[in-house]
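Novice: take a look and give me a structure for this.
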Amino acid sequence: FFYLPLETRVVPRDEQEDVAMKLQMIYFPVRARQEPILMAFAYAKMPCDVLSPTEFYGKGWGDGAKQETPYGGLPVLLVDGKPLAQSGSILRYAAS
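Specialist: You can find the predicted model right below:
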């Protein structure tokens, strides 16, 4: 059995407050790895802005934006300004 510590309480979905998170996806203007993530957000009715690396970093991918991304790759999801990298982990986040 798995026991939660006493101070931890799992709040049922119907009792949770609607907290508006700001979600921004940084990816190239193609579908590829961002498509299943955006589909999961659309299914959950969570709005997500999609920005290109040039729009977000103010420079091209080869001009230094790659060095500013976590692990040097895309996609990157910003949740209230905090980065989450790697498409698999972003998809797991979107599914939760």
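
Novice: OK, contacts around F28?
Specialist: Residues in contact with F28 (CB atoms under 8 Å, 6 or more residues apart in numbering) are S52, P53, W61, L74. No exception for glycine: its C-beta is placed from N, CA and C like everyone else's.

Novice: same thing with Q67?
Specialist: No contacts exist for Q67 under CB under 8 Å, 6+ apart.

Novice: host element of it?
Specialist: Taking DSSP states H and E as the definition, Q67 sits inside helix 66-68.

Novice: pick out the residue closest to the middle of this protein.
Specialist: Residue closest to the mean C-alpha point of the chain, counted by CA atoms, centre = their mean, is L77 at 3.1 Å.

Novice: right, and that residue touches Y27 too?
Specialist: No - L77 lies out of contact with Y27 (CB atoms under 8 Å); the separation is 9.2 Å.

Novice: can you give me the strands in this protein?
Specialist: For the chain, the strands defined by DSSP state E cover 23-26, 49-51, 76-79, 82-85.

Novice: which strands and helices sit next to the last one?
Specialist: In other words, strand 82-85. Under the contact definition 3 or more CB pairs under 8 Å, 6 or more residues apart in numbering; DSSP states H and E, strand 82-85 sits against strand 76-79.

Novice: measure how buried G88 is and give me the count.
Specialist: If you count neighbours by other CB atoms under 10 Å, G88 ends up with 10.

Novice: and for A40?
Specialist: A40: 18 neighbours (other CB under 10 Å).

Novice: cool, and Y93?
Specialist: 15.

Novice: which residues does the closest residue in space to it that isn't next to it in sequence bridge with?
Specialist: Excluding the flanking residues, the one nearest Y93 by CB to CB, 6 or more residues apart in numbering is L84, at 6.0 Å. L84 has these beta-bridge partners by DSSP bridges: L77.

Novice: low-confidence ranges in the chain?
Specialist: Scanning the chain for pLDDT under 70 picks out the ranges 1-20.

Novice: circling back: list the contacts of the residue nearest to the centre of the chain.
Specialist: Counted by CB under 8 Å, 6+ apart, L77 has contacts L23, Q24, M25, I26, I37, C48, P83, L84, A85, I90, Y93.
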